[in-house]
Each structure stands twice: as C-alpha cells, then as structure tokens.
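1. whatever this is, show me its structure:
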Amino acid sequence: MSKLSQLQKIRQLKAPTAPFKSVSYFEYQAGRYDLHKLDFPVAVRSTFDQEDGEEQSFAGHFETRLQVEQKAVHQAIGDVFASYPDASNQEVIVQQMIEPQYSGVLDANKAGIWSIELVEG
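-> Prediction:
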C-alpha cells in the first residue's frame, strides 16, 4: 500500500493527519497543480507505486524534501520525481508541515492489522 493510499485511508477514517495533496507527473510537467489549500512550508514526499510493495520495500530510496517554501515547491516536486526509476504515471505527495503533539510510524500488516508506534513531539 503506497504512502498516498495510506494517507487517503486515514483521511477516509477521519483520523487526524496533516493536510496533503497528490501531484501527478502529468500535472507537474504541465505546471498545473493546485496547492492553494496548503499552508507553507510543506514536505514533498515520494509515493512511488512499488515503494511499499508486498514482496519488497524501497522505503528511504526515493527523495523527500522537508520545509519547502512556496517558491521552491516546483523544484522539490521535480527532485522527487527525478529519484523514481520511471516517473510516468506516478505521483508525489505535498503535505503541510505541522508542529505535532505526537509523531510516529504506522505499520500496515498483510492481515489488515495496523500498528502505531509514537512519541511526544
């Protein structure tokens, strides 16, 4: 399950998560993507479709850009797409940076069971 799919599932469950928007490679190339609902700075994150597969994981192999201001977002999106083996038909996540009360990791297991590890801050 990709990072984007996980974020969409969290949103669907109405669980709290920082606001985000996906940008397709086509939208990036055309320079037509709407981020006006996000406050800056943002994180530009990978969500390559084979990144978190059932057979193998490429976690940490693709670019992530943190604390990206509005004037640098196009370049940051391009940097993440450039880290993919093939960017066509792919997306990146642009997610608002927040000051969290808690931070953690969400693990989605094959049996459909999720586990969360978290710390304050």
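2. hey, where'd the helices end up in this structure?
-> 3-12, 25-30, 73-82 (DSSP state H).
3. tally of neighbours for Asn109?
-> 8 (other C-beta atoms under 10 Å). Heads up, the C-betas are built off the backbone N, CA and C, glycines and all.
4. if Trp114 is in a bridge, with which residues?
-> Counting by DSSP bridges, Trp114 is bridged to Ala108.
5. lowest-pLDDT helix or strand in the chain?
-> Least confident helix or strand, the chain: strand 102-108 with a mean of 80, by mean pLDDT, DSSP states H and E.
6. what angle do helix 3-12 and it make with each other?
-> Angle of strand 102-108 versus helix 3-12, following axes from the mean of the first three to the mean of the last three C-alpha atoms, to 10 degrees, is 110 degrees.
7. distance from strand 102-108 to the middle of the chain?
-> In this view, strand 102-108 has its centroid 14 Å away from the chain centroid, taken as C-alpha atoms, centre = their mean, to the nearest Å.
8. what residues of it count as buried?
-> Leu106 (16 or more other C-beta atoms under 10 Å).
9. repeat that for stretch 33-44.
-> Quick answer for stretch 33-44 (16+ other C-beta under 10 Å): 33, 35, 38, 42-44.
10. noted, bye for now.
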